[in-house]
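> pasted the sequence and its predicted model underneath.
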Amino acid sequence: MTKRALITGITGQDGAYLSQLLLGKGYEVHGLLRRSASADVVGSRLNFLGVRDSIEMHDANLTDITSLIRVIETVKPDEIYNLGAQSFVKTSWQQPILTGTVSGLGAVNMLEAIRIVSPETRYYQASTSEMYGLIQEPRQSEKTPFYPRSPYAAAKLYAHWMTINYRESFGLHASSGILFNHESPLRGIEFVTRKITDGVARIKLGMADSLALGNLDAKRDWGHARDYVEAMWLMLQQDVPDDYVIATGQTVSVRDFCDLAFAHVGLKAEDYITVDQRYMRPAEVEVLLGNPEKAKAKLGWEATTSLDQLVREMVDSDMERLSPR
Ligand code: NDP
Ligand code: GDR
């Protein structure tokens with residue numbers, strides 16, 4: 001029997017890699033697409049991976065439960081991956097209500113739709129290391145207390161607890177992946193890693209002469225999105241739903257990431273980086289470092305792409321994209 005998956009956030013970074021993974025495993029892949037006035041926002045990432053034509057899209061929005069119910073009734077998915085969100089932390093201070101509505105209540109809309117229409121469907125919730133925020137433990141595991149530091153993190157924490165609540169209250173097969181930062185050439189350009197690799201390529205190609213960033217001392221546990229979507233899938237193949245930290249187990253600063261990216265094209269970061277207060281946040285998450293031991297023990301998952309490989313792939317991709325043809 002061919003398995004059917006429904007992915008929200010399919011036009012985003014993780015949605016594209018997860019589609020590719022599931023199609024490779026023989027799944028029928030369906031995506032939730034919110035209407036946009038701009039022409040082909042749908043295609044860009046999915047076309048990059050060559051999977052656009054293999055996916056069936058459905059007109060729906062996480063904020064409209066009736067649209068979710070209709071999609072679930074139509075698709076009858078075995079698995080739902082809820083990746084849709086307002087996912088940019090900085091924007092969440094400018095749009096706290098929208099962020100709460102999409103990234104928090106949106107998940108509850110989906111859980112409720114599953115409960116009403118299709119309680120056998122397995123559910124994946126895209127939880128985040130941002131929930132740890134002002135951390136008190138040096139390495140964050142599934143047992144570390146949460147302390148969200150942004151409207152985004154607070155919204156995601158609500159969605160995280162509601163996923164646990166629906167599992168415990170109604171017996172849904174609902175799991176959360178507490179994913180630490182993961183990047184790729186498909187990362188949105190506003191996130192720091194992609195902003196850096198895009199900036200490096202522009203400087204190397206003579207299209208820019210500096211790169212303005214915010215807090216260079218922030219530290220993150222950065223992995224590759226391609227590795228991380230595998231963990232999402234593994235969670236839904238388990239007999240028992242659960243929550244898992246997905247991380248590399250190493251952390252480096254934004255400054256270190258810059259050094260690696262500039263060095264890859266033979267430049268020195270300190271010659272080009274400037275600091276601009278506009279990119280600072282009202283409240284910062286200074287350091288994140290995940291402990292992925294449970295995922296390794298129970299799912300057999302571990303990150304396979306090194307930070308060096310990730311940086312090189314991202315810089316090379318931006319160099320190719322921006323180079324004159
Ligand atoms: P992206 O920002 O690349 O993608 C977000 C997706 O959500 C897009 O497809 C977007 O659609 C969709 N979306 C936004 N609003 C709505 C809405 N109202 N209804 C339906 N869909 C909507 O995120 P990533 O791929 O990086 O991340 C995937 C998920 O994982 C997100 O939930 C994110 O918060 C979470 N996460 C990400 C981490 C990371 O490091 N990347 C780490 C931990 C968690 P559109 O194209 O129309 O804008
Ligand atoms: P983050 O990612 O907030 O961790 O959320 P982002 O890349 O935006 O920031 C990482 C760190 O870099 C610092 N920083 C800058 N950030 C941006 N965007 N732009 C800059 O110029 C800049 N300079 C320094 C930030 O202050 C921060 O400390 C991502 C998202 O994908 C979330 O959806 C996800 O949940 C978490 O990762 C895990």
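That came through, no problem. Ligands and ions are numbered 1, 2, ... in the order given.

> so the host helix or strand of residue 22, near ligand 2 or not?
Following DSSP states H and E, one finds residue 22 within helix 13-24. No. Figure legend: helix 13-24 not in contact with ligand 2 (CB under 6 Å from any ligand atom); closest approach 8.2 Å. Yep, even glycine has a C-beta here, placed from its N, CA and C like the rest.

> now do stretch 261-281
Yes. For stretch 261-281, a contact with ligand 2 is found by CB under 6 Å from any ligand atom, at 279, 281.

> mean confidence (pLDDT) on the helix holding residue 22, please.
The average pLDDT within helix 13-24 is 98.

> please export the C-alpha coordinates of that helix as CSV.
Backbone C-alpha positions of helix 13-24 (Å, rounded to 0.1, in the frame of the first residue of the first chain) are rendered in CSV as follows:
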residue,chain,number,x,y,z
GLN,A,13,13.1,24.8,3.5
ASP,A,14,12.2,21.7,5.4
GLY,A,15,9.1,21.0,3.4
ALA,A,16,11.2,20.7,0.2
TYR,A,17,13.7,18.3,1.7
LEU,A,18,11.0,16.3,3.4
SER,A,19,9.1,16.0,0.1
GLN,A,20,12.2,14.7,-1.6
LEU,A,21,12.8,12.2,1.2
LEU,A,22,9.3,10.9,1.2
LEU,A,23,9.0,10.7,-2.6
GLY,A,24,12.2,8.7,-2.6
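
> got the angle between the very next helix or strand once past it and helix 13-24?
Next helix or strand after helix 13-24 toward the C-terminus (DSSP H and E): strand 28-33. Relative orientation of strand 28-33 versus helix 13-24 (axes from the mean of the first three to the mean of the last three CA atoms, to 10 degrees): 160 degrees.

> which strands and helices lie in contact with strand 28-33?
strand 4-8, helix 13-24, strand 55-59, helix 65-75 (3 or more CB pairs under 8 Å, 6 or more residues apart in numbering; DSSP states H and E).

> rewinding a little: for the helix holding residue 22, packing partners?
strand 4-8, strand 28-33, helix 43-48, helix 225-236.

> now do the following helix or strand past the longest one: distance to the chain's middle.
Meaning helix 225-236. Following helix 225-236 in sequence order, the next helix or strand is strand 243-246 (DSSP H and E). Relative to the centre of its chain, strand 243-246 is centred 13 Å away, using CA atoms, centre = their mean, to the nearest Å.

> repeat for stretch 170-180
15 Å.

> over to stretch 161-176?
21 Å.

> that one and ligand 2, are they touching?
No. Using CB under 6 Å from any ligand atom, stretch 161-176 stays clear of ligand 2, with a minimum separation of 12.3 Å.

> can I get that stretch in PDB, CA atoms only?
In PDB, the C-alpha atoms belonging to stretch 161-176 read as follows (Å, rounded to 0.1, in the frame of the first residue of the first chain):
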ATOM      1  CA  TRP A 161       2.500  21.200  24.900                       C
ATOM      2  CA  MET A 162      -0.800  20.900  23.000                       C
ATOM      3  CA  THR A 163       0.800  18.100  20.900                       C
ATOM      4  CA  ILE A 164       1.600  16.300  24.200                       C
ATOM      5  CA  ASN A 165      -1.800  17.100  25.500                       C
ATOM      6  CA  TYR A 166      -3.600  15.600  22.500                       C
ATOM      7  CA  ARG A 167      -1.400  12.500  22.700                       C
ATOM      8  CA  GLU A 168      -2.200  12.000  26.400                       C
ATOM      9  CA  SER A 169      -5.900  13.100  26.200                       C
ATOM     10  CA  PHE A 170      -7.000  11.500  23.000                       C
ATOM     11  CA  GLY A 171      -4.400   8.900  22.200                       C
ATOM     12  CA  LEU A 172      -3.200  10.500  19.000                       C
ATOM     13  CA  HIS A 173       0.000   9.300  17.500                       C
ATOM     14  CA  ALA A 174       1.500  12.800  17.900                       C
ATOM     15  CA  SER A 175       5.300  13.400  18.200                       C
ATOM     16  CA  SER A 176       7.400  16.600  18.500                       C
END
